[in-house]
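Below: sequence and its predicted model.
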Amino acid sequence: MKSITVKEITSAVSGKLLCGDPDAVVTNIQYDSRAVDEGSLFVPLKGERIDAHDFIETCIRTCAATLTMNNAPDDAQKPYIKVADTLEALQALAAWYRSGFPGLRFVGVTGSVGKTSTKEMIAAALSGGFNVMKTQGNKNSQIGMPSTMFDIEDGHEAAVIEMGVSMFGEMDRLCDVARPEYAIMTNIGVAHIENLKTRENIMSEKLKITKHFDKNGILFLNGDDALLRTLYGKQAFRTVSFGMSADNDYHAENVQTEGLCTSFDCCSGGRSVRYTIPALGVHSVTNALAAIAVGEALGLDSSQIAKGLLTYKNAPMRQQIIQHDGFTVIDDSYNSSPDAAKVSVDVLSELSGGNDSIAVLADMLELGEKSAGSHYEVGLHLGKKGIKKLIAIGSESRKTAEGAKDGGCGEVYTCDSNDQAYELLKTLITKDCVILVKGSRGMHTDEIVKKL
């Protein structure tokens with residue numbers, strides 16, 4: 001982060017400096033009271049259970065300055081900047097900071113499934129020719145995405161920003177901060193459908209990622225997604241499609257897997273270029289196609305893109321393949337949704353090659369009235385892909401177990417807790433078996449991976 005002054009911060013957030021030196025320098029922004037240092041601006045956020053204003057007194061002993069929605073103590077010496085709402089102030093400050101990099105190429109990534117892996121793939125491809133800043137982990141929320149802006153430094157030439165929404169109006173606010181010039185929509189699934197009600201609503205909300213596009217903006221669409229396909233060629237800006245189907249602007253042919261790598265021919269504009277990525281699954285090829293399309297739009301050649309793609313690594317807990325003590329674990333424990341679960345099952349099937357395969361699947365949350373049917377469909381998919389064993393965790397996943405039985409999965413077990421599932425799993429592990437662990441974030445299935 002570039003250093004900024006308290007005076008600049010106060011102006012950017014339309015705040016009032018209650019006390020302290022307006023020329024004091026801030027070198028980082030922190031909303032976690034445990035992470036502040038002497039250069040920090042502390043942003044105390046008010047949540048449902050905790051109001052971080054309670055930690056200002058402790059933080060101000062260390063940090064450079066603080067925002068507040070309250071008044072400053074009479075004996076305060078360091079800068080207190082009063083604002084109406086600290087979250088809105090964080091977003092306003094992030095938008096102001098981002099505006100200081102007008103020449104930086106901004107790429108926004110959204111979608112129901114695969115945002116993080118697509119973001120990582122695009123960042124890898126662009127790294128073949130640019131100094132790239134990318135969202136760390138999946139900091140894509142109303143808090144996390146604005147805070148990502150402060151990772152930008154003068155040497156960066158491109159930024160790949162993950163942008164997630166779960167409620168109406170959220171993409172508008174994110175776009176006012178990041179103002180991406182290029183955007184990728186990975187797919188439209190049923191994640192967060194409990195709040196957004198329909199897939200059409202989900203698409204409409206995510207399409208707002210193009211809010212600040214000018215005539216030079218480009219929207220990259222997964223053309224294999226039937227809903228996204230309806231947007232192609234019908235916008236005031238350029239649209240580019242990618243996917244496995246041959247009618248996409250960028251599509252793949254001759255896909256081959258060797259070890260933990262996948263090679264394919266990328267076909268576009270009458271050209272065909274062979275690429276290799278250190279990842280498995282058709283979804284990874286689709287992500288790579290998006291990355292190639294973005295790379296070419298930003299002026300990179302195929303050799304630069306190919307070099308960058310070879311540096312790709314899955315983010316933690318997102319289809320990380322771990323070989324341990326004679327067996328293999330696919331750690332996809334960060335989160336889950338119906339589409340993502342099916343994709344992970346595909347990878348399990350591919351990696352196990354018809355040998356001993358165990359799926360450990362926990363509840364998928366925020367599905368509302370679609371929950372039972374969605375869990376059942378994932379179970380059916382297990383049987384279709386020849387998965388040998390299923391351990392289903394949680395009340396909703398009873399439907400996954402039911403679908404797996406109907407789909408022909410060999411051994412199906414149900415558990416009420418991660419501890420119970422782990423103890424059962426230990427008895428099922430064999431040499432050379434492949435284990436998939438996946439569930440919604442609230443199910444904490446990473447506990448199982450850590451125990452393994």
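Here it is on my side, so go on. Numbers count the residues shown, from 1 in each chain.

Now do the residue nearest the centre of the chain against Q304, distance only.
Nearest to the mean C-alpha position of the chain, counting by Cα atoms, centre = their mean, stands T116 at 3.1 Å. To Q304, T116 is 23 Å away according to Cβ to Cβ, to the nearest Å. No exception for glycine: its C-beta is placed from N, CA and C like everyone else's.

Kindly report the same for G379.
Taking Cβ to Cβ, one finds G379 at 43 Å from Q304.

next one: I391
The gap separating I391 from Q304 is 44 Å, by Cβ to Cβ.

For these two, indicate the residue with more neighbours.
Counted by other Cβ atoms under 10 Å, I391 and Q304 do not tie: I391 has more neighbours, with 26 against 18.

And the strands in the stretch 151-300 of the chain?
All strands of the stretch 151-300 of the chain, identified by DSSP state E, counting those that start in this stretch, fall at 158-162, 182-185, 218-222, 238-242, 251-258, 261-268, 271-277.

Switch these over to a markdown table; also include mean neighbour count, distance to H283 and mean pLDDT.
Shown next, in a markdown table, are the strands of the stretch 151-300 of the chain (neighbours: other Cβ atoms under 10 Å; distance: least, Cβ to Cβ, whole Å; pLDDT from 0 to 100):
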| stretch | mean neighbour count | distance to H283 | mean pLDDT |
| --- | --- | --- | --- |
| strand 158-162 | 27 | 16 | 97 |
| strand 182-185 | 28 | 14 | 98 |
| strand 218-222 | 26 | 10 | 98 |
| strand 238-242 | 22 | 12 | 97 |
| strand 251-258 | 14 | 12 | 95 |
| strand 261-268 | 18 | 11 | 97 |
| strand 271-277 | 15 | 11 | 97 |
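
So for G354, which of the ones you listed sits nearest?
Of all those, strand 251-258 sits nearest to G354, with 13.8 Å by Cβ to Cβ.

what is the orientation angle of the closest one with strand 238-242?
Here the directions of strand 251-258 and strand 238-242 differ by 30 degrees (axes from the mean of the first three to the mean of the last three Cα atoms, to 10 degrees).

How far off centre is strand 251-258?
With Cα atoms, centre = their mean, to the nearest Å as the basis, strand 251-258 stands 25 Å off its chain's centre.

what's it in contact with?
For strand 251-258, contacts defined as Cβ atoms under 8 Å, 6 or more residues apart in numbering pick out 242-246, 262-268, 272, 280, 282, 285-286, 288-289, 350.

Next, F327: phi, psi?
Main-chain dihedrals, F327, degrees, to the nearest 10: phi -130, psi 170.

I meant A123, not that one.
phi -60, psi -40.

what residues are up against the nearest residue to it once chain neighbours are set aside?
Spatial nearest neighbour of A123, chain neighbours left out: K134 (4.0 Å); criterion: Cβ to Cβ, 6 or more residues apart in numbering. Applying Cβ under 8 Å, 6+ apart, one finds that K134 lies in contact with 119-120, 123, 159-161.

Kindly provide the distance from K134 to N140.
Counting by Cβ to Cβ, the gap from K134 to N140 is 11 Å.

in the protein, which helix or strand is least confident?
The helix or strand of the chain with the poorest confidence is helix 193-196; it has a mean of 72 (mean pLDDT, DSSP states H and E).

okay, the residue nearest to the centre of the chain: pLDDT?
What the model reports as pLDDT for T116 is 90.

Is it correct that it is in contact with G137?
Yes. If you go by Cβ atoms under 8 Å, T116 and G137 touch, sitting 7.5 Å apart.

so what sits against both of these two?
Shared contacts of T116 and G137 (Cβ under 8 Å, 6+ apart): A315.

how many other residues sit next to the nearest residue to M364 once chain neighbours are set aside?
In this structure, M364 finds its nearest non-sequential neighbour in S336, 4.8 Å apart by Cβ to Cβ, 6+ apart. Using other Cβ under 10 Å, S336 is surrounded by 25 other residues.

Please apply the same query to the one 3 residues further on.
Residues contacting D339 under the criterion other Cβ under 10 Å number 23.

Just list the residues touching it, thanks.
With Cβ under 8 Å, 6+ apart, D339 has these contacts: 112-113, 187, 189-191.

among those, who's most crowded?
Most surrounded of the contacts of D339: other Cβ under 10 Å gives N187, at 28 neighbours.

isn't it right up against N222?
Yes. Using Cβ under 8 Å, N187 makes contact with N222 at a distance of 5.3 Å.

Nearest spatial neighbour of P44, chain-adjacent residues omitted?
Nearest one to P44, counting by Cβ to Cβ, 6+ apart, is A52 at 3.7 Å.

how near is that neighbour to S241?
As defined by Cβ to Cβ, A52 lies at a distance of 44 Å from S241.

Tell me which residues touch the residue nearest to P44, please.
31, 33, 43-46.

for it, phi and psi?
The phi and psi values for A52, taken as degrees, to the nearest 10, are phi -70, psi -10.

Name whatever forms a beta bridge with I4.
Per DSSP bridges, residues listed as beta-bridge partners of I4: V26.

if I read this right, it contacts V26, doesn't it?
Yes. Counting by Cβ under 8 Å, V26 is a contact partner of I4 at 5.4 Å.

If you count surrounding residues, which of those two has more?
V26 (24 against 19).

contacting residues for that one?
Listed by Cβ under 8 Å, 6+ apart, the contact set of V26 reads 3-6, 9, 39-41, 64-65.

Report pLDDT for A191.
Model confidence at A191 (pLDDT) stands at 64.

nope, L207 is what I meant
Value for L207, per-residue pLDDT: 94.

contacting residues for the closest residue to it other than its chain neighbours?
Distances taken as Cβ to Cβ, 6+ apart put L231 closest to L207, at 6.9 Å, once the chain neighbours are dropped. In this structure, L231 makes contact with 185, 203, 207, 219, 221, 239, judged by Cβ under 8 Å, 6+ apart.

run the last query once more with 7 Å
With contact set as Cβ atoms under 7 Å, 6 or more residues apart in numbering, L231 has these partners: 207, 221, 239.

G394 too?
The neighbours of G394, taking Cβ under 7 Å, 6+ apart as the test, are 362-363, 443.

For the residues you listed, which single residue is the most surrounded?
A362 (28 neighbours).

Can you give me the distance of it to G394?
Relative to G394, and taking Cβ to Cβ, A362 is found at 5 Å.

Tell me how far V282 lies from F264.
Separation of V282 from F264 (Cβ to Cβ): 10 Å.
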